[in-house]
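Colleague: Turn this into a model:
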Amino acid sequence: MYRTLVRTGVPRKVLILISLLFPLLPAGCGERTQPPVIVSLTASPAHVFVGDEAVVQVEAYDPKGQELTVAWSTGEGSFTTISGTKAVWTSSVPGRHLVEVMVTDAYGESVKASVAIQVDDHIVLQSGTPVSLELLHDVRGDVVRIGELVPLRVVDPVYVQGFEVIAAGAYGIGQVLYVELPANGATGYVVLAPTRVQLVDGQIAMLNGKDAAHEQSRDDEQPGGNLQLAGTVLPLVAGESPKVPSGTLLHGIVREDVELEVRDQRIQPRGEMTPPPVTVSACLGIHAVDLSEYVVSVYSDGIRVEGFETGSAAGSSGLQIGDRIAGIRVGDETYPIAGMADLVRVERLLEPGDEVIVQVRNLLRRADIPLVVGTCYTLP
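Modeller: Residues are numbered from 1 along each chain as shown. Model prediction:
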């Protein structure tokens, strides 16, 4: 408990007792026992985060004009500064805490009061919060497939209680719900739904489409299973290859509440800031045993073997004409491929920079070819 002597500023009364006024003596004694008065006790702010400070101030006076002693106490937290009727309080423990003041006059008469201060250690990004994103790359209608993931980028930052929780330029992911190619003079379109975005602390917030123009069920890897995703219908721009151009806007909403830890006026990281998994292609132009042409594409959630497609010559794959791909190895898991597969799903999401091993099993040649996700290769 901290005590401080305070002058109230009220002039002292001098009582002259004369024997003739003896009947008035009880009245004088009554005034002597009148306790101090607390006018107000305030905390500013009354809602703080862990490590922040609150200024607590009391206003009091003594009806008799006596000097007052102010004593501060608290059950939790500590005072960083005390100056008479003002105290600066802080706490590292979340919860509702009381700061108490006791004002005492020269005769020992005292009065107490307390004020509550709420201390939090997190803020909440609430479900339904809108998020604006844009396509990071063109989405080609003749190449993209239903279920494929596409990279997005946040356009406008999102704030909660003055804290930036989603930064402009943060990575997001969208999913292709439907593709309709141009036909018979009709304009084609792609239906895309934003599905997730990275927060400033490294967490991933799940999103749903804000536009209900198209809805589709899908199995999500998150708890809850079969979800309805609302997507946005984006027309394909006509050209040699119909596409939805990069920079096209998508609007999503946060699917469920997300807590972010706050301490000392900063959001605390919960992991390294790495881009979320996005759709990337290894662009592997290879020839199968039967001389038909194939390409291996590595996506964030699986590997597809399909018709040949020339990739940019960023490096040699190490594969040879006639090689037969028997399987793909990611980490300790091996995924066999028989002939021309549609999509071989891997056990975890892949990220740019991950190494994928293509297993070549020919009659006279066995090789494990390491490939890096996000890098394009062509045959030498």
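Colleague: from here on, contacts and neighbour counts on C-alpha atoms
Modeller: OK.
Colleague: where are the low-confidence patches of the stretch 1-150 of the chain?
Modeller: The model of the stretch 1-150 of the chain has pLDDT under 70 over residues 1-32.
Colleague: Strands along that one, start to end?
Modeller: Taking DSSP state E, counting those that start in this stretch as the criterion, the stretch 1-150 of the chain contains strands spanning 2-6, 37-44, 47-49, 53-61, 68-74, 78-83, 86-90, 95-104, 110-120, 122-125, 130-135, 139-140, 149-154.
Colleague: Just put these in a markdown table and tack on distance to Val179.
Modeller: Output for the strands of the stretch 1-150 of the chain, formatted as a markdown table (distance: least, Cα to Cα, whole Å):
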| stretch | distance to Val179 |
| --- | --- |
| strand 2-6 | 72 |
| strand 37-44 | 56 |
| strand 47-49 | 48 |
| strand 53-61 | 55 |
| strand 68-74 | 64 |
| strand 78-83 | 61 |
| strand 86-90 | 57 |
| strand 95-104 | 51 |
| strand 110-120 | 46 |
| strand 122-125 | 32 |
| strand 130-135 | 16 |
| strand 139-140 | 10 |
| strand 149-154 | 13 |
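Colleague: Which of those strands sits closest to Gln359?
Modeller: strand 149-154 (25.2 Å; Cα to Cα).
Colleague: export that closest one as CSV, just CAs?
Modeller: In CSV, the C-alpha atoms belonging to strand 149-154 read as follows (Å, rounded to 0.1, in the frame of the first residue of the first chain):
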residue,chain,number,x,y,z
LEU,A,149,-5.9,-23.5,-56.0
VAL,A,150,-4.8,-20.1,-57.2
PRO,A,151,-2.6,-17.5,-55.5
LEU,A,152,-4.2,-14.2,-54.3
ARG,A,153,-2.9,-11.0,-52.8
VAL,A,154,-4.6,-8.7,-50.2
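Colleague: Which strands and helices lie in contact with the next helix-or-strand element following it?
Modeller: Moving toward the C-terminus from strand 149-154, the next helix or strand (DSSP states H and E) is strand 158-160. Where contact means 3 or more Cα pairs under 8 Å, 6 or more residues apart in numbering; DSSP states H and E, strand 158-160 is packed against strand 122-125, strand 163-166.
Colleague: What residues of the last one count as buried?
Modeller: Within strand 163-166, the residues scored as buried using 16 or more other Cα atoms under 10 Å are Val165, Ile166.
Colleague: And stretch 259-266, by the same measure?
Modeller: Quick answer for stretch 259-266 (16+ other Cα under 10 Å): Leu260, Glu261, Val262, Arg263.
Colleague: Present the residues you listed as a markdown table; the columns should include distance to Ile328 and secondary structure.
Modeller: What follows is the buried residues of stretch 259-266, written out as a markdown table (distance: Cα to Cα, whole Å; DSSP: H, G, I helix; E, B strand; the rest coil):
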| residue | distance to Ile328 | secondary structure |
| --- | --- | --- |
| Leu260 | 38 | strand |
| Glu261 | 40 | strand |
| Val262 | 43 | strand |
| Arg263 | 45 | strand |
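Colleague: Quick check: the gap between Thr195 and Thr232.
Modeller: Per Cα to Cα, to the nearest Å, Thr195 is found 12 Å from Thr232.
Colleague: Quickly list what's touching both of these two.
Modeller: Common contact partners of Thr195 and Thr232 (Cα atoms under 8 Å, 6 or more residues apart in numbering): Gly209.
Colleague: for the helix or strand harbouring Gly252, packing partners?
Modeller: Gly252 is located in strand 249-254, with elements delineated by DSSP H and E. Here strand 249-254 is seen to pack against strand 130-135, strand 189-198, strand 204-209 when contacts are counted using 3+ Cα pairs under 8 Å, 6+ apart.
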